[in-house]
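S.K.: A predicted structure for the sequence below; I have some questions about it.
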Amino acid sequence: MALNPALAGRTYPPVTYEVGREALRDFARAVGEQDPVYHDEVAARAAGYADLPAVPTFPVLLANRAMEAVIADTELGLDFDQVVHGEQEFVYERPVMAGDRLRAVGSLATVRARGGNQMLTVETVITDADGELVCTARATLVVRASEPSSETRP
Amino acid sequence: MSQPTISPGDSLPLTSQQISRRDLVAYAGVSGDLNPIHWDEAQARAVGLPGVVAHGMYSMAVAARAVSGLAGGPGRIRRLRVRFPAPVLSGETLTIQGQVVQVDGNRALVRFSGTSDTGTRVLAKGEAELDLG
């Protein structure tokens, strides 16, 4: 099923997330990050941070939550079983920190065809309790053609 | 705050990791990406994959460890970007390589890539921008 290109620019409802220290430690541990700055508040403060910072890819957790509305958008028609993550970008104003109350708004930045596949870029803008920008995450998703490809045809 | 000096030609710290299914299950839990292709062999094969594959974001997180190591923490990382041309299979070892290619005033540009132990390029066109100010 073809994606609806007319939906480029659509914005989805915000999700909110309160950043706890243990969530940051759990995430850092799960990706094998052992630098004490991500685990120990004393080390973090000694390095100049006000509290524990998140590892750089932590904002994907908010992007994944914001993405749920994109996947559920029946007008877009995204077949998530055929989706491959093609590219990811984060632009940071500052690291996510323990104690942050974040708000993430997802939107469809682009929807386009490329080769036999379709591609879409989902942008998630993450702001803090003061409304200040913290991070922008951009995921480029490739929707594989669900029809048989040429090499599987007789 | 003591920060390392960064110059063109500086390499990312050697970062290599064998990625187990246990790692992927743990990552699925903390990241909220519960797609079964990252932990269920049958589901992965059903969509045409040779087996369970790592989340692209897991591989990017391993690369981010290397970038953070060079930068001296997350505070100087302004941008991080990478492509995922091929998946890392569960059980394979991911190795990150990269270096500082440019320093312009307070900005440093790092380029990096990731390969699996079969020689497959799994992270491509990796870029990190650091603020040295």
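M.R.: Nice, thanks for sending it over. The model shown is predicted, which means the values in this text are computed figures rather than measured ones. Residues are numbered from 1 along each chain as shown, chains lettered A, B, ... in the order given.
S.K.: rest of the way, CA atoms for contacts and neighbours
M.R.: OK.
S.K.: Strands of chain B, start to end?
M.R.: Secondary structure of chain B (DSSP state E): strands at B:15-18, B:77-83, B:93-104, B:107-116, B:121-131.
S.K.: And for chain A?
M.R.: A:15-18, A:83-92, A:101-114, A:117-127, A:133-143.
S.K.: Chain A contacts on chain B?
M.R.: Taking Cα under 8 Å from any Cα of the partner chain as the contact definition, chain B meets chain A at B:1-2, B:23, B:26-27, B:30-33, B:47, B:56-58, B:60-62, B:64-65, B:73-75, B:77-85.
S.K.: Selecting buried members of these in ChimeraX, what would you type?
M.R.: Buried subset of those, written as a ChimeraX selection, criterion 16 or more other Cα atoms under 10 Å in any protein chain shown:
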select /B:23,26,27,30,31,33,56,57,58,60,61,62,64,65,73,74,75,77,78,79,80,81,82,83,84,85
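S.K.: Among the residues of chain B next to chain A, which lie within helices?
M.R.: B:23, B:26-27, B:30-31, B:56-58, B:60-62, B:64-65 (DSSP state H).
S.K.: could you redo these as CSV and give each row pLDDT?
M.R.: Listed next are those as CSV, based on pLDDT from 0 to 100:
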residue, pLDDT
B:D23, 97
B:A26, 97
B:Y27, 97
B:V30, 96
B:S31, 95
B:G56, 97
B:M57, 98
B:Y58, 98
B:M60, 98
B:A61, 98
B:V62, 98
B:A64, 98
B:R65, 98
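S.K.: Next one: B:T115 from chain A, what distance?
M.R.: Using Cα to the nearest Cα, to the nearest Å, B:T115 is found at 16 Å from chain A.
S.K.: Among the ones in helices among the residues of chain B next to chain A, find me the one that's closest to A:V91.
M.R.: Using Cα to Cα, B:A64 is the member of these that sits closest to A:V91, with 13.2 Å.
S.K.: excluding its backbone neighbours, what's nearest the closest one?
M.R.: A:P56 (6.4 Å; Cα to Cα, 6 or more residues apart in numbering or on different chains).
S.K.: State the phi and psi torsions of that neighbour.
M.R.: In terms of degrees, to the nearest 10, the main-chain angles of A:P56 are phi -60, psi -30.
S.K.: Columns distance to A:D100 on top of the strands of chain B, output as CSV?
M.R.: Converted to CSV, the strands of chain B look like this (distance: least, Cα to Cα, whole Å):
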stretch, distance to A:D100
strand B:15-18, 30
strand B:77-83, 18
strand B:93-104, 31
strand B:107-116, 27
strand B:121-131, 22
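S.K.: And those strands: which comes nearest A:T136?
M.R.: strand B:77-83 (9.5 Å).
S.K.: Find the centremost residue of chain A, please.
M.R.: A:A63 (2.8 Å; Cα atoms, centre = their mean).
S.K.: how about that residue, what does it touch?
M.R.: Counting by Cα atoms under 8 Å, 6 or more residues apart in numbering or on different chains, A:A63 touches A:A104, A:G106, A:T124, A:A137.
S.K.: what stretches of chain A score poorly on pLDDT?
M.R.: Low-confidence segments of chain A, defined by pLDDT under 70: A:1, A:146-154.
S.K.: what does it have sitting close to chain B?
M.R.: Residues of chain A lying near chain B (Cα under 8 Å from any Cα): A:23, A:26-27, A:30-33, A:37, A:46-48, A:53-58, A:60-61, A:64-65, A:81-82, A:85-95.
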